[in-house]
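Trainee: Model the structure of this input:
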Amino acid sequence: MKKTISRKQLAGIVSCITRVPKKDAELVITASCDVIMKQITKGHIIKINGFGTFESVWRKSKTGRDLSRGQSVHIPAHASPIFRPSTQFKNKVKNLIPKH
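Mentor: Numbers count the residues shown, from 1 in each chain. Model (predicted):
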């Protein structure tokens, strides 16, 4: 069964691996996320070798559907953040043995 790991739990794992205090690990994780978001909103691309690339892409306007009312809805053009995992990351995930 998949488990969601929170930022605090992630900080705990990083703390155990790096032997830095959990509070410091959480601070670094929070700062890293903030920097990535800020740079993406400025139009920059963040590439972390062996992990992946964060960037924003421009989505064209389109017509969608409001399923609750059954009506067509105009969705304006907008920027959207995306993450593209590296080949190394994809291969690690691909080689996982499914647990049934």
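
Trainee: could you point out which element follows the host helix or strand of M37?
Mentor: Secondary structure assignment for M37, by DSSP states H and E: helix 22-41. Per DSSP H and E, the first helix or strand lying C-terminal to helix 22-41 is strand 46-48.

Trainee: which residues touch the helix or strand just after that following strand?
Mentor: Using DSSP H and E, the helix or strand that follows strand 46-48 in sequence is strand 52-59. By CB atoms under 8 Å, 6 or more residues apart in numbering, the surrounding residues in contact with strand 52-59 are 36, 40-41, 43-48, 77-86, 89. C-beta here means a position set from N, CA and C on the backbone, and glycine is covered the same way.

Trainee: What does the pLDDT read for the residue nearest to H78 when sequence neighbours are not counted?
Mentor: Take H78 and drop its neighbours on the chain: the residue closest to it by CB to CB, 6 or more residues apart in numbering is R59, 5.6 Å away. You'll see R59 listed with a pLDDT of 95.

Trainee: My guess is F51 contacts T87. True?
Mentor: No: the criterion here is CB atoms under 8 Å, and F51 misses it with T87 at 10.9 Å.

Trainee: quick one: which of those two has more around it?
Mentor: F51 (13 against 10; other CB atoms under 10 Å).

Trainee: how much space between that one and K92?
Mentor: Distance, F51 to K92, by CB to CB, to the nearest Å: 10 Å.

Trainee: Could I get the contacting residues of P21?
Mentor: S15.

Trainee: mind checking pLDDT for it?
Mentor: 96.

Trainee: now H78
Mentor: 95.

Trainee: Let's verify T4: helix, strand, or coil?
Mentor: coil (DSSP: H, G, I helix; E, B strand; the rest coil).

Trainee: and if you look at the one 10 residues further on?
Mentor: Assigned state for V14: helix (three-state reduction, three-state DSSP).

Trainee: Now do it against V20, distance only.
Mentor: For V14, the distance to V20 - CB to CB - is 8 Å.

Trainee: More neighbours: those two, which one.
Mentor: Using other CB under 10 Å as the criterion, V14 and V20 rank with V14 on top: 17 against 14.
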